[in-house]
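Enquirer: Sharing a model prediction with you, sequence too.
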Amino acid sequence: MRTDTGHVFRLEDYRPSDYLILETSLVFRLSPEATRVTATLTIERRDGVAASAPLVLDGDGLTLVRIAIDGRELQPAEFLATPDQLTISQPPSAPRFQLLIETEIAPAGNETLMGLYRSSSVYCTQCEAEGFRRITYFLDRPDILSVYTVRIEAKLDEAPLLLSNGNPAGSGDLADGWHYAVWHDPFPKPSYLFALVAGALGKVADSFVTMSGRTVELGIFVEPGKERLAGYAMDALKRSMRWDEEAFGREYDLEVFNIVAVSDFNMGAMENKGLNIFNDKYVLADEETATDADFANIEAIIAHEYFHNWTGNRITCRDWFQLCLKEGLTVFRDHEFSADQRSRAVKRIAEVRTLRAHQFPEDQGPLAHPVRPRRYREINNFYTATVYEKGSEVVRMIRTILGTDAFRAGMDLYFERHDGEAATIEDFLKVFEDVSGRDLSQFALWYHQAGTPNLTVSSTHSPAAREFTLEIEQSVPPTPAESRKRLMHIPLAFGLVGADGRPVAYSGVDGATVEDGVIHIRKRRQVVRFSGVAERPAVSLNRGFSAPITLSVEQKADDQFFLAGHDSDSFSRWQAFNTLLTDALIAAFRQILGGGEPVYIARLTELAGRVAADEALEPAYRALALALPGEADIARDIGKGIDPDAIFSAREALALAIAKANEQAFSSLYDRLADKGPFSPDAASAGRRSLRNILLDYLTLLPEGTELAARHFRSATNMTDRAAALTVLAHRHRGSPETAKALADFEAKYGSDALVMDKWFQIRAGVPGPQTVETVRALTKHAGFSMANPNRVRSLVGTFSSANQTGFHRRDGEGYRFFAETVLEVEKRNPQVAARLATALRSWRSLEPVRQAKAREALLTIASAENLSADLRDIVERTLA
Ligand code: PHE
Ligand code: ZN
């Protein structure tokens with residue numbers, strides 16, 4: 001485990017390395033307890049650097065075996081090697097020399113899942129961000145680009161398959177049942193993109209002909225026997241390769257592209273050059289074991305990692321402060337891909353829901369940071385929703401401001417200008433300024449300033465003057481270390497909607513630049529006047545979610561209802577309905593806190609019925625509209641004094657009111673939507689299933705709901721329906737014999753399939769109510785559970801702490817106590833996963849006082865534990881600060 005030095009890395013301290021590593025040759029002799037790694041590095045002193053400059057290489061827990069320069073072994077006085085650093089104080093005076101370093105590492109005992117480790121006896125690596133230094137001493141920073149040649153030696157029976165980056169460059173047998181393979185990657189790359197895999201794996205093979213007619217061999221490697229579960233991933237890969245050619249003109253560049261699925265992985269997947277390594281959850285799928293959401297995630301993540309080949313690998317990051325340069329941009333690209341492959345309208349709503357659920361609370365709490373942070377203690381803790389999701393929204397805004405054509409021209413220039421380089425956000429913004437002639441300096445604040453901007457908007461209409469006026473005021477709330485904020489450039493897409501649902505024409509506008517349906521907000525307060533407007537329009541704001549902001553709009557309920565039924569922008573139409581639901585839920589929350597019963601108006605529950613029945617809308621869209629704001633969403637919108645039990649009651653009461661008001665219609669629609677014909681994971685079929693399953697959710701609140709859910713469970717022919725029914729049974733009909741039977745049947749059927757059992761753990765961890773902490777505690781002893789596997793930990797403990805509001809936030813603090821214990825237990829093995837888990841308490845200050853005090857105690861318990869890792873200490877201290 002990396003010890004905590006307390007060191008803070010600062011963007012302004014960046015300076016180029018004194019030395020470069022032009023070529024890297026690695027020889028691995030693999031063995032579980034003692035793998036030998038021989039690195040031969042061609043090192044060059046950078047122009048203008050004094051010959052006396054010491055060479056300081058990064059390490060992390062390394063054991064040095066041997067060191068030589070230009071063929072001569074170094075004497076002990078010539079270097080200093082600690083586990084974490086190798087210093088050669090007087091390198092040769094020649095500008096170029098060869099440094100040989102031999103280290104010994106033990107992949108078998110490596111539970112951090114960083115560097116070289118074993119996952120179910122397969123050797124694999126994870127080097128982003130700073131894992132390469134756990135393999136050999138190196139200049140382990142992304143601006144050191146090197147050409148790699150890798151030779152892997154292993155016992156043939158233990159590891160018949162030997163993979164690394166680039167193209168295959170030879171293989172053969174060695175003495176004593178060993179063999180070897182050589183790989184050469186012609187593209188200079190940073191060390192974080194290095195990968196090696198060795199083991200016994202099954203292969204799915206295919207090929208792809210690129211736009212210039214080159215054939216690329218594709219391989220997906222999985223646990224032997226699971227090959228047939230990789231078909232969907234392979235299909236998604238080929239569609240991604242085609243799409244990147246068509247949408248961005250980007251062609252694949254090596255002779256082979258391989259993907260390996262492993263079952264122990266800290267994140268979703270990793271874009272190592274030519275050899276992506278995936279959490280098997282995002283590769284393996286069929287209708288029997290995966291839900292529609294799993295299929296969609298696989299498609300998106302396969303695409304994401306593939307797209308990194310250009311945005312991340314060919315053009316990489318100068319330093320880790322620039323992480324969003326590759327991540328935000330690549331998320332934007334995978335969002336666009338999914339939008340093109342599926343339904344754009346539905347995809348956009350889903351993206352915004354995710355952003356609000358994960359990024360908004362981050363931005364509004366103690367862990368807030370800019371999309372491009374200026375400081376960090378532990379870079380692992382900056383793979384955040386802000387860097388990824390908000391980072392993607394910032395790229396989307398650039399496209400909104402420039403228009404599609406100029407945006408594409410900017411991207412072309414980016415690839416042309418920076419291919420083969422380690423670039424910065426400034427480089428990225430510059431290409432768009434250059435192609436468009438626009439000044440993006442105010443816009444750049446989106447990268448530099450944390451916090452979710454708010455716009456307060458009010459409107460007036462003067463029939464006499466035929467003038468419609470919007471008064472818009474912006475504010476950016478203070479965030480840690482940034483109390484004074486500067487004014488931002490916010491592209492606000494809007495529409496003025498007439499009584500017939502059509503756009504209202506205006507003859508002129510002043511008070512702001514308005515282009516292509518977008519108001520450019522740049523000042524604190526702007527009064528935008530539209531002239532020639534005879535009738536008062538309803539105003540639809542932030543269409544398509546053009547900016548990642550919050551809105552406080554003074555709007556009549558009539559207008560809101562009207563937009564929920566008629567807005568021509570599908571996102572805003574969804575938003576209008578969602579806002580009505582949220583407002584009603586918040587009012588009900590206050591009624592409950594005041595000792596009353598929540599009341600919901602018929603107009604709202606009837607609108608839900610109309611949305612459900614509207615055949616002009618896609619089923620997936622209707623399903624999203626009918627999904628009530630989540631408990632955490634409601635909490636976020638309330639802001640402070642949160643009592644999760646009251647929120648839960650308010651939400652259940654609204655669901656019941658909607659179900660009662662629409663029983664007949666929901667029931668017959670539910671029947672009509674039943675799957676006919678063979679299973680397809682395509683978006684239209686998935687959309688029908690999601691609408692039917694949300695109707696199930698409502699209908700099971702009514703009498704005989706338990707039987708309905710049990711029937712849905714028994715008759716399910718795919719995992720989407722089966723998991724939906726099991727969720728309803730476990731969450732709504734806890735304690736019923738039907739629920740007990742379904743849980744037992746599911747476990748009996750899938751007990752040996754770890755990925756499917758994750759769903760079972762998830763469902764059980766999500767059961768609302770105070771008793772669940774005991775269930776979860778007991779399930780940590782379940783034979784299928786393991787504290788060492790990140791997927792298991794996230795399914796059980798992660799779901800409980802970040803998706804079970806009433807269970808986790810139990811008033812007596814028992815949920816928090818269990819949480820603190822478990823985080824510390826996970827940390828002993830895997831500090832990264834523990835640190836991520838610990839973020840579940842980031843919004844503790846918005847709780848009501850009793851829970852707030854208990855949550856703080858739990859955080860202090862973690863903070864005061866001995867030998868805390870840098871990862872966990874960083875999160876806990878920032879959360880408490
Ligand atoms: N770079 C990976 C991705 O986004 C995420 C990752 C980060 C994976 C660090 C492993 C470790 O695509
Ligand atoms: Zn990524």
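Expert: Happy to help now that I have it. Ligands and ions are numbered 1, 2, ... in the order given.

Enquirer: outside of stretch 693-710, which residues touch it?
Expert: Residues outside stretch 693-710 that contact it (CB atoms under 8 Å, 6 or more residues apart in numbering) are 612, 623, 626-627, 652, 655-656, 658-660, 662-663, 666-667, 669-670, 673, 712, 720-721, 724-725, 728-729, 732-733, 736, 738-739, 741-742. (Each C-beta comes from the backbone N, C-alpha and C, glycine too.)

Enquirer: again, 6 Å this time
Expert: Residues from elsewhere that reach stretch 693-710 (CB atoms under 6 Å, 6 or more residues apart in numbering): 623, 626-627, 655-656, 659, 666, 670, 712, 724-725, 728-729, 732-733, 736, 738.

Enquirer: In the stretch 501-650 of the chain, which residue sits closest to ligand 1?
Expert: Among the residues of the stretch 501-650 of the chain, P548 lies closest to ligand 1, at 19.3 Å counting by CB to the nearest ligand atom.

Enquirer: which non-adjacent residue is nearest that residue?
Expert: Spatial nearest neighbour of P548, excluding adjacent residues (CB to CB, 6 or more residues apart in numbering): E393 at 4.3 Å.

Enquirer: Would you agree the one you found falls within a strand?
Expert: No: going by DSSP: H, G, I helix; E, B strand; the rest coil, the assignment for E393 is helix, not a strand.

Enquirer: Confirm L284 sits in a strand?
Expert: No: applying three-state DSSP, one finds L284 to be coil, outside a strand.

Enquirer: and the residue of the chain found nearest ligand 1, what element?
Expert: Minimum separation of the chain from ligand 1 (CB to the nearest ligand atom) falls at M267, amounting to 3.6 Å. Secondary-structure assignment from DSSP states H and E places M267 in no helical or strand segment.

Enquirer: Could you tell me the per-residue confidence at it?
Expert: Looking at M267, its pLDDT stands at 98.

Enquirer: D4 now?
Expert: Looking at D4, the pLDDT reads 69.

Enquirer: likewise T42?
Expert: At T42, pLDDT is 99.

Enquirer: A strand includes it, no?
Expert: Yes: judged by three-state DSSP, T42 forms part of a strand.

Enquirer: S171 in helix, strand or coil?
Expert: What three-state DSSP gives for S171 is strand.

Enquirer: Quick check: it touching A181?
Expert: Yes: counting by CB atoms under 6 Å, A181 is a contact partner of S171 at 4.1 Å.

Enquirer: Of the contacts of stretch 693-710, grab the buried ones for ChimeraX.
Expert: Filtering these down to the buried ones (16 or more other CB atoms under 10 Å) takes a single ChimeraX command:
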select :623,626,655,656,659,666,670,712,724,725,728,729,732,733,736,738
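
Enquirer: Within range of ligand 1, give me the residues from this protein.
Expert: Contact residues, the chain versus ligand 1 (CB under 6 Å from any ligand atom): Q126, E128, N266, M267, A269, M270, E271, H304, E305, E327, Y383.

Enquirer: Out of the residues you listed, list just those in helices.
Expert: H304, E305, E327 (DSSP state H).

Enquirer: show me the contacts for the last one.
Expert: The neighbourhood of E327, defined by CB under 6 Å, 6+ apart, consists of V387, Y388, G391.

Enquirer: Now for G798: which residues touch it?
Expert: So G798 contacts nothing (CB under 6 Å, 6+ apart).

Enquirer: Quick check: pLDDT value at it.
Expert: With respect to pLDDT, G798 has a value of 99.

Enquirer: Ok, Q555 next?
Expert: pLDDT for Q555: 89.

Enquirer: go on, E631?
Expert: 98.

Enquirer: number of nearby residues for the nearest residue to it once chain neighbours are set aside?
Expert: Spatial nearest neighbour of E631, chain neighbours left out: Q805 (4.2 Å); criterion: CB to CB, 6+ apart. Q805: 21 surrounding residues under other CB atoms under 10 Å.

Enquirer: State the pLDDT value of the residue in the chain sticking out farthest from the centre.
Expert: For the chain, the C-alpha farthest from the mean C-alpha position belongs to A464; by CA atoms, centre = their mean, that distance is 51.4 Å. Note on A464: pLDDT of 97.

Enquirer: Just confirm it is within a helix.
Expert: No: secondary structure of A464 (three-state DSSP): coil, not part of a helix.

Enquirer: Where does the nearest residue to G544 once chain neighbours are set aside fall, secondary structure wise?
Expert: Nearest residue to G544, sequence neighbours excluded (CB to CB, 6+ apart): F571, at 5.0 Å. For F571, the element it lies in under DSSP H and E is helix 570-593.

Enquirer: helices or strands next to that helix in the packing?
Expert: helix 344-354, helix 557-566, helix 631-638, helix 644-661 (3 or more CB pairs under 6 Å, 6 or more residues apart in numbering; DSSP states H and E).

Enquirer: Nearest to ligand 2, out of those?
Expert: Among those, the nearest to ligand 2 by CB to the ion is helix 344-354 (15.1 Å).

Enquirer: angle of the closest one against helix 570-593?
Expert: Compare the direction of helix 344-354 with that of helix 570-593 by axes from the mean of the first three to the mean of the last three CA atoms, to 10 degrees and you get 40 degrees.

Enquirer: any idea where the helices of the stretch 101-250 of the chain begin and end?
Expert: With DSSP state H, counting those that start in this stretch as the criterion, the stretch 101-250 of the chain has helices at 231-248.

Enquirer: For ligand 2, give me its nearest residue in it.
Expert: E128 (9.0 Å).

Enquirer: re earlier: need the helices and strands packed on helix 570-593 in CSV with distance to ligand 2, can you?
Expert: Shown next, in CSV, are these (distance: least, CB to the ion, whole Å):
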stretch, distance to ligand 2
helix 344-354, 15
helix 557-566, 36
helix 631-638, 25
helix 644-661, 33
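
Enquirer: Could I get those helices in a markdown table, plus columns for distance to S531?
Expert: Shown next, in a markdown table, are the helices and strands packed on helix 570-593 (distance: least, CB to CB, whole Å):
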| stretch | distance to S531 |
| --- | --- |
| helix 344-354 | 32 |
| helix 557-566 | 21 |
| helix 631-638 | 35 |
| helix 644-661 | 42 |
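
Enquirer: what's the closest of the ones you listed to V147?
Expert: Closest to V147 of the helices and strands packed on helix 570-593 is helix 344-354 (CB to CB; 37.8 Å).

Enquirer: Give me the next element, helix or strand, following the closest one.
Expert: helix 360-363.

Enquirer: which residues are contacting the helix or strand just after that following helix?
Expert: Next in sequence after helix 360-363, counting helices and strands by DSSP H and E, comes strand 375-376. Residues from elsewhere that reach strand 375-376 (CB under 6 Å, 6+ apart): V8, F9, R10, F382.
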